[in-house]
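> sequence first, then the predicted structure, then my questions.
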Amino acid sequence: MSDRSAAPVVVWRVGGAARAAGFLLPAVLGVKLLVGWAGWALSPAVATARSAGLDSGLAVGVGLFCWWSIHRVRLEVGPDGIVAVNPWGTHRLRPDEVASVRLGAWGAEFHHGDGFRTTAYALSELAAGTSQARRFAELRAVLNAGLETGD
């Protein structure tokens with residue numbers, strides 16, 4: 001039995017201003033939504049109900065978009081492999097599937113031996129909120145440490 005489960009899993013997420021905006025924008029729209037429905041409760045009319053309904057739809061739509069494009073995105077590197085969660089899908093890679101890793105325009109690109117590649121958007125410049133090169137250096141250090149221990 002191996003001790004692979006004892007090794008830590010390192011996770012990168014969207015950070016900085018993008019993450020703050022992902023919380024702040026839905027919160028502001030939620031307050032606007034509450035004010036709109038409170039206005040309708042004080043003065044029931046079709047116009048205020050329509051306005052509050054539109055505010056509700058906007059708040060829900062923006063909240064789901066922020067979750068989908070900011071809060072859901074992450075990159076996990078552990079002993080069992082690499083998991084890149086992007087807005088449109090989750091990619092799971094075994095360490096032996098990765099031929100090389102480089103920094104691309106949209107984040108870390110994991111090149112497969114068969115010619116395909118998987119991009120981890122959690123390490124993109126917009127997602128990082130910090131230096132993309134620094135986060136990529138952290139990723140390289142974690143991957144190199146995993147290779148040195150024989151994982």
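Cool, got the structure.

> where does D96 land on pLDDT?
At D96, the model reports a pLDDT of 85.

> sorry, slip of the keys, the one I care about is W88.
What the model reports for W88 is a pLDDT of 87.

> that one: what's it in contact with?
With contacts defined as CB atoms under 8 Å, 6 or more residues apart in numbering, W88 is in contact with no residue. In this view, the C-beta of every residue, glycine as well, is placed from N, C-alpha and C.

> equivalent analysis for R117, please.
109-111.

> what about the residues you listed, which are in strands?
Secondary structure of these is defined by DSSP state E; positions in strands are 109-111.

> now the residues you listed in TSV, please, with extra columns for distance to V28.
Rendered in TSV, the data for the ones in strands among the contacts of R117 read as follows (distance: CB to CB, whole Å):
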residue	distance to V28
E109	35
F110	37
H111	41
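
> what's the closest of the residues you listed to R72?
F110 (18.8 Å; CB to CB).

> now do L34 against F65, distance only.
Per CB to CB, to the nearest Å, L34 is found 20 Å from F65.

> and for D55?
Distance of D55 to F65, computed by CB to CB: 16 Å.

> so the two - more neighbours on which side?
Set side by side, D55 and F65 give different neighbour counts by other CB atoms under 10 Å, the larger being at D55 (20 against 14).

> which secondary structure element contains that one?
Counting by DSSP states H and E, the element that carries D55 is helix 46-66.

> what is the mean pLDDT for that helix?
In the prediction, helix 46-66 has an average pLDDT of 93.
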